[in-house]
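A.B. asks: When you get a sec, could you give me coordinates for this:
(one chain, ligands or ions: 1)
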Amino acid sequence: MDTLSRLEQIIAQRRDADPSQSYVASLHAKGLPQIARKLGEEGVEATIATLSGSDEELVGEAADMLFHLILALNARHIPFADVLAELERREGTSGIEEKASRSE
Ligand SMILES: N=c1c2ncn([C@@H]3O[C@H](COP(=O)(O)OP(=O)(O)OP(=O)(O)O)[C@@H](O)[C@H]3O)c2ncn1[C@@H]1O[C@H](COP(=O)(O)O)[C@@H](O)[C@H]1O
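C.D. replies: Model prediction:
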């Protein structure tokens, strides 16, 4: 099993853990708005690291962002495999072409 699949499984298992012992459970206990807020914060932190952080800081922020993204998807009962399938569907379609097809 790859790292992201293992992480997704761990996140699913930790949802109903004791919130005082589990960060995943503590976010679930606070609800979807807090899960979404953390995802947004991590996006901002990754953006700042992209612009002015060290390589090590950007790697750390990227990991935080992926973790919180998978947590948010799991909270909405969306398998990460659905995201991978969407990326696979897009393979070979230029972003420029795709954007142009939307404005037609
Ligand atoms: N990969 C992660 C992971 N990445 C980041 N984090 C936590 O996400 C939080 C990120 O918050 P911030 O960077 O905003 O820092 P903070 O100021 O401490 O956070 P807040 O107080 O604002 O919430 C920190 O508490 C990190 O420890 C993670 N927590 C858990 N995991 C994985 O999830 C598993 C289950 O974790 P628990 O649910 O805690 O057992 C772990 O074994 C890991 O595999």
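A.B. asks: Contact residues of this structure facing the ligand?
C.D. replies: Neighbours of the ligand within the chain, by Cβ under 6 Å from any ligand atom: 7, 10, 14, 22-25, 41, 64, 67. All C-beta atoms are positioned from the backbone trio N, CA, C, and that covers glycine.
A.B. asks: rerun at 5 Å
C.D. replies: 10, 14, 22-24, 67 (Cβ under 5 Å from any ligand atom).
A.B. asks: List only buried entries from these.
C.D. replies: Neighbour counting by 16 or more other Cβ atoms under 10 Å classes 14, 22, 24, 67 among those as buried.
A.B. asks: if we can go back for a sec, return the subset of the residues of the chain next to the ligand lying in helices.
C.D. replies: 10, 14, 23-24, 67 (DSSP state H).
A.B. asks: Format these as a markdown table; extra columns: distance to Phe80 and pLDDT.
C.D. replies: Listed next are these as a markdown table, based on distance: Cβ to Cβ, whole Å; pLDDT from 0 to 100:
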| residue | distance to Phe80 | pLDDT |
| --- | --- | --- |
| Ile10 | 12 | 98 |
| Arg14 | 15 | 97 |
| Tyr23 | 18 | 98 |
| Val24 | 15 | 98 |
| Phe67 | 12 | 98 |
